[in-house]
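**Q** the amino acid sequence is not available; the structure is as follows:
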DNA sequence: TTGTAAGCGTTATCAT
DNA sequence: ATGATAACGCTTACAA
């Protein structure tokens, strides 16, 4: 049997349930039940339907199913940008968990822009996603609440939304910053600067609060000129650090609150011809694999980002699938612990080394 | 007017087009036309419908629309993992372009696993995505062709699929490796090793080919023991580099074909107590912002990943929306140029410095 | 056990 | 310019 041009190029229609049913000589209802393994049917029908589906290589149409079932098996995930080492592991974990349970993940990069956040949220709403995970953002509380009130489960990561009764996964941000600064204080530092992220972002605000708390506990006065807005941006952090280093009474230690900002700060130090930790001690955030390759290896605060995404996704699935009215899932707040990885980028302002625990 | 508990907490049904129509006292068809600004209607109806929609804060249901229109305004993107610096910018660019045109992006992490790739592809197919972008993977050609034959536009990034007539965005992989190795040869190196990714992955294979070509052009014999499988993995690369350094006749230079592998290699060098570039010269791939922070600043090959994602998404949108039968879009292959960023991690095996162009 | 038919919320055709 | 009405492909009562 030959295939002539016309025949071969004819686009063949995707097989429908109707086709499967016809081929198996049963009704569509029965075919559907067999394929979904629900309701009742005879063994004979079962095998005929299964065979027919196999032969036609039938695939159900998820759109039609979603319309009927009123759920899409899809989540939306909002982050500032997937290029950030801060969010990539969170998203990866979410996608891992989601896909294992048959959910698709729609990625939304908001760049910390409330307008973008809102437009993504409304797009997700229109698309009927079954749930949304919102990560650290200074976004629009009102819109988020609207989504939640419309019945779409929301899980918050890092972010807190007053008046929104949604589970939240976060870390001991304030405490981690407090411990980092205390570490510096114990080494003898008094003039400790910090590069903060975006003020409106929860995690950033918390870290700044922890920084302040540590100073207050040690009876060290807070000085505004030692707090610089780094905006989670390498360039801004570079400039900010420059200004710090130009200060008459230069800080002897620096806490940078995100990986990009650590890089910016290190460039500024390098440009100024200064040395870490001889001239200035540095604690960074995030624990990229290159941190221990630097000279000197960097002391950092490490947060369990993958774990956060894991929990966020699991929580969301619980909310979507189970216990809808269960307060336990709705009201929970999970706070994960961070760790301070002491390497060699900090020492006493006098000159005594801080520690030597290395990770090479 | 008071809101009593029951009334307030009653979950209100999402407003439908029918509700808008009723409120505007027109038919649903007319309401639909007004909202989509298609077909004909009077100015009077127009404003009534618009007002009604506004008052009810009506949002169309994308699922129902998709079912009717047979398109979802969604793309699927397959990459090995979003945690890779290789893919993050590609995905970011794709999402940027897609969202601007109203497309949602579903993220799929395949880990270079053909089974995962296939199951994601079939999930995307079921969901009826309007197009798919597949990045560097050693996946299942047969399944990809099936998807394409089913009429779903596919754009390839890095990957080539023989017999699949899909546009492809790639870089001058082979040539970039060739130039990097030539650079080392010019410095006087003869024993040049390379850490390669996963053999089945197009970009990896091409880079390896470029490495070989450079050696052949220089009349240097290829030696199997100088080619190590790094599997895009830091650990594997660490072990592989260790073996290279243990070789009786140790290589004097090393080309690592991905960022993770560069890191693994650098740790091995550090662990062996050797120095770059005094004991061994290194050229890495990717240009992370920390590369110039290392001591010495790293010489690398930089590929325009964001740009690749941009073009991939634009190409896909063209395919989906426009010129469906246009051969120009279907058959194109775009090859982007890479650049060799010379810093200070390479010098002559004797001891003369290679270059001093720094990016601090 | 099986089939029929009524939705799910739109869009689009076709009379009026 | 407008309004019925039939799809879109599937699920799910309900009737047989």
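**A** The structure has been received and is ready for your questions. Worth saying up front: this structure is predicted, and the values here are computed from it rather than measured. Numbers count the residues shown, from 1 in each chain, chains lettered A, B, ... in the order given.
**Q** let me know the next secondary structure element after the worst-scoring helix or strand of chain A on mean pLDDT.
**A** When the helices and strands of chain A are scored by mean pLDDT, DSSP states H and E, helix A:5-9 comes last with a mean of 34. Sequence-wise, the next helix or strand downstream of helix A:5-9 (DSSP states H and E) is helix A:17-24.
**Q** ok, that next one near chain B or not?
**A** No - using Cβ under 8 Å from any Cβ of the partner chain, helix A:17-24 stays clear of chain B, coming no nearer than 12.8 Å. C-beta: built from backbone N, CA, C; applies to glycine.
**Q** residue A:258 and DNA strand D, how far apart?
**A** As defined by Cβ to the nearest atom of the strand, to the nearest Å, residue A:258 lies at a distance of 45 Å from DNA strand D.
**Q** looking only at pLDDT, what's the mean for stretch A:99-117?
**A** Averaged across stretch A:99-117, pLDDT comes to 97.
**Q** actually, stretch A:169-189.
**A** 98.
**Q** in that stretch, what's buried?
**A** Across stretch A:169-189, burial judged by 16 or more other Cβ atoms under 10 Å in any protein chain shown covers A:169-185, A:187, A:189.
**Q** repeat that for stretch A:123-140.
**A** For stretch A:123-140, burial by neighbour count (16+ other Cβ under 10 Å) applies to A:123-139.
**Q** now do that stretch: distance from first to last residue.
**A** 15 Å (Cα to Cα, to the nearest Å).
**Q** do the same with stretch A:146-166
**A** 13 Å.
**Q** please see if that stretch touches chain B.
**A** Yes - applying Cβ under 8 Å from any Cβ, one finds stretch A:146-166 in contact with chain B at A:150-151.
**Q** now that stretch: buried residues?
**A** A:146-148, A:152-159, A:161, A:164, A:166.
**Q** now for the residues you listed, which pair is the farthest apart?
**A** The most widely separated members of the buried residues of stretch A:146-166 are A:146 and A:158, with 20.8 Å between them, by Cβ to Cβ.
**Q** show me the shaky parts of chain A.
**A** Low-confidence segments of chain A, defined by pLDDT under 70: A:1-11, A:323-331, A:351-360.
**Q** strands of that one, start to end?
**A** In chain A, the segments counted as strands under DSSP state E are A:74-79, A:104-109, A:131-135, A:154-157, A:168-171, A:192-196, A:227-229, A:253-256, A:281-285, A:299-302, A:333-336, A:339-341.
**Q** who does the second one touch, helix- and strand-wise?
**A** Strand A:104-109 makes packing contacts with strand A:74-79, helix A:88-100, helix A:114-127, helix B:88-100, strand B:104-109, helix B:114-127 when contacts are defined by 3 or more Cβ pairs under 8 Å, 6 or more residues apart in numbering or on different chains; DSSP states H and E.
**Q** again, 7 Å this time
**A** Applying 3 or more Cβ pairs under 7 Å, 6 or more residues apart in numbering or on different chains; DSSP states H and E, we find strand A:104-109 packed against strand A:74-79, helix A:88-100, helix B:88-100, strand B:104-109.
**Q** compute the inter-axis angle for it and strand A:74-79.
**A** Computed with axes from the mean of the first three to the mean of the last three Cα atoms, to 10 degrees, the direction of strand A:104-109 lies at 20 degrees from that of strand A:74-79.
**Q** take the helices and strands packed on strand A:104-109 and lay them out in a markdown table including mean neighbour count and distance to residue B:221.
**A** Listed next are those as a markdown table, based on neighbours: other Cβ atoms under 10 Å in any protein chain shown; distance: least, Cβ to Cβ, whole Å:
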| stretch | mean neighbour count | distance to residue B:221 |
| --- | --- | --- |
| strand A:74-79 | 26 | 49 |
| helix A:88-100 | 22 | 41 |
| helix B:88-100 | 23 | 36 |
| strand B:104-109 | 25 | 40 |
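**Q** okay if I get these as CSV plus distance to residue A:42?
**A** Listed next are the helices and strands packed on strand A:104-109 as CSV, based on distance: least, Cβ to Cβ, whole Å:
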stretch, distance to residue A:42
strand A:74-79, 35
helix A:88-100, 33
helix B:88-100, 47
strand B:104-109, 38
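**Q** could you dump the ones you listed into CSV with distance to DNA strand D added?
**A** Output for the helices and strands packed on strand A:104-109, formatted as CSV (distance: least, Cβ to the nearest atom of the strand, whole Å):
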stretch, distance to DNA strand D
strand A:74-79, 16
helix A:88-100, 19
helix B:88-100, 24
strand B:104-109, 19
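**Q** pull the contacting residues for the spatially closest residue to residue A:304 that is not a sequence neighbour.
**A** Leaving out its chain neighbours, the residue that sits closest to residue A:304 by Cβ to Cβ, 6 or more residues apart in numbering or on different chains is residue A:336, at 5.2 Å. Shown in contact with residue A:336 (Cβ atoms under 7 Å, 6 or more residues apart in numbering or on different chains): A:171, A:304, A:307-308.
**Q** now flag whichever of the buried residues of stretch A:146-166 is closest to DNA strand C.
**A** residue A:152 (14.5 Å; Cβ to the nearest atom of the strand).
**Q** I'd assumed residue A:133 was in contact with that closest one.
**A** No - here residue A:152 does not reach residue A:133: they are 11.2 Å apart, not a contact under Cβ atoms under 7 Å.
**Q** so which residues on the stretch 1-150 of chain A come close to DNA strand C?
**A** Within the stretch 1-150 of chain A, the positions lying close to DNA strand C (Cβ under 7 Å from any atom of the strand) are A:25-30, A:33, A:39-42, A:44-45, A:64, A:67-68, A:70.
**Q** for residue A:131, name its beta-bridge partners.
**A** Under DSSP bridges, the beta-bridge partners of residue A:131 are residue A:75.
**Q** measure it to residue A:108 for me?
**A** Applying Cβ to Cβ, to the nearest Å, the value for residue A:131 to residue A:108 is 13 Å.
**Q** likewise for residue A:306?
**A** Applying Cβ to Cβ, the value for residue A:306 to residue A:108 is 20 Å.
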